[in-house]
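# give me a 3D structure for the following:
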Amino acid sequence: MPVIHWRTGFEIELLAPAGLSRKDLALRLAQADGGGSIAPVFVPQAELIDLEGVQVFENLTLGYDALDADGKLIARCADDMTIQADLDKQAAPKPGWFRIVGDDARLIRLIKRHADPAAPVEAVLEPIAALFGARLQHFDNGMVRLADSAGAPIAMASHLPSERERPCEIITPPISENHAQRLAALLEPAFAMGFTIPSEAALHVHFDAAPLCTPKSFAKLVVIFDRFGDQLKQLFHTNPRCTRLGKWPDDLLPIVTSPSFADMTWTDARTRLRQLKLTKYVDFNLMNMIYPTDEKHTFEVRILPVETDIDSILNSTALLEGLLRIALEPSVEWPDIATNTLGQLIEKMQIDRAVKQHWRDRTATST
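Have a look, this model is predicted:
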């Protein structure tokens, strides 16, 4: 089994069988620990839409944290709004499941801080109404609308439609060791319960970004994944139905490979990068490096498929780790990467011998 040395987190998109939900999986994971528990949480979700004047609906959807007997997070079981094709669009809402929707991310963050995810849909916005000195407007279909005293909309809460309790993105905390055992403890119970891989599924790997946060390492990182991104998607068999992938803006590469960028401090480099029109919805997400938070300071790879074989998942993760270590190698400059093939980079990697042979064979047959 490949061994991963980098501190990583995984986001694995699954689908509960009809009649079950992500809450059921969270409960199973907590019970497997012996004395564990679950806790409801609001999980922010961006819903891309095509309405005049509005491009994104900000959502708070119900997720469940599986906690061990000491209250430590085992994993979060969250919704993922990209999972659509396998759901029954005519299904009636399931009691107890709802979401909060708004068009202002700042207000949604405020609501997340003050609303109780364990509250029923008809009462969940009451603390926010108190903040604004406003009244809730209730509708016969169960929807609850909140507007301020001038009538400006703040948010609404409504029952969750179309089996949206079934999508389950397993979000792990950062894993520093025993990656195979940790993933097996999450995936084996899920598949035993009948969870499946949805049509649009993807596996996202978050690598701790702290070692990569120098202009020189960042430049090499960009050159590597700009040059070999398409080849990696072929090698990994990226799900063609996966959404929210794409390329970086064209002006990123010239900026990071300019002589002036290498001479910057990391603080100045981030300031320069923030002038670009970057988004997280690309093959390789840099946003958590450029706009880091206490909760997420990572380089995210979004092109992996969800697989039942943990060995295969870790083989892919090990190759990615090898590429990141090349970005850290002082003896390698970005022009060296720009003239190498992926096979040549693999030969330079200090990774497990069996993993190297696996990818050596795969790259040889893909060219």
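# tell me how many other residues crowd residue 347.
12 (other Cβ atoms under 10 Å). (Glycine included, C-beta is placed from N, CA and C.)
# for the protein, give me the ranges with low pLDDT.
Within the chain, the stretches with pLDDT under 70 are 48-55, 366-367.
# just the strands in it please.
Ranges of strands in the chain, per DSSP state E, are 8-15, 37-51, 54-67, 73-78, 98-102, 136-138, 144-147, 153-159, 167-171, 203-208, 284-285, 298-304.
# packing partners for the fifth one?
Other elements packing on strand 98-102 under the criterion 3 or more Cβ pairs under 8 Å, 6 or more residues apart in numbering; DSSP states H and E are strand 54-67, helix 105-114, strand 153-159.
# what's the angle from the second one to strand 37-51?
Following axes from the mean of the first three to the mean of the last three Cα atoms, to 10 degrees, one obtains 160 degrees for the angle between helix 105-114 and strand 37-51.
# what of the first one?
Taking the same axes, to 10 degrees, strand 54-67 and strand 37-51 form an angle of 170 degrees between their directions.
# give the buried residues for strand 54-67.
Neighbour counts over strand 54-67 (16 or more other Cβ atoms under 10 Å) mark 57, 58, 59, 60, 61, 62, 63, 64, 65, 66, 67 as buried.
# try the shortest one
Residues of strand 153-159 classed as buried under the neighbour-count rule (16+ other Cβ under 10 Å) are 154, 155, 156, 157, 158, 159.
# please parse the chain into its domains.
If you go by automatic domain parsing, the domain ranges for the chain are 98-159, 202-366.
# surely residue 10 and residue 206 touch.
Yes - counting by Cβ atoms under 8 Å, residue 206 is a contact partner of residue 10 at 7.4 Å.
# distance of residue 327 relative to residue 255?
Going from residue 327 to residue 255 by Cβ to Cβ, to the nearest Å gives 16 Å.
# more neighbours, these two?
When residue 327 and residue 255 are compared for neighbours, residue 327 comes out ahead with 23 against 17, by other Cβ under 10 Å.
# closest to residue 1 out of the buried residues of strand 54-67?
Nearest to residue 1 among the buried residues of strand 54-67, counting by Cβ to Cβ, is residue 66 at 23.6 Å.
# can I assume the closest one is in contact with residue 30?
Yes - taking contacts as Cβ under 8 Å, residue 66 lies within contact range of residue 30: 4.3 Å.
# overlap of the contact sets of the two?
By the contact definition Cβ atoms under 8 Å, 6 or more residues apart in numbering, residue 66 and residue 30 are jointly contacted by 36, 38, 74.
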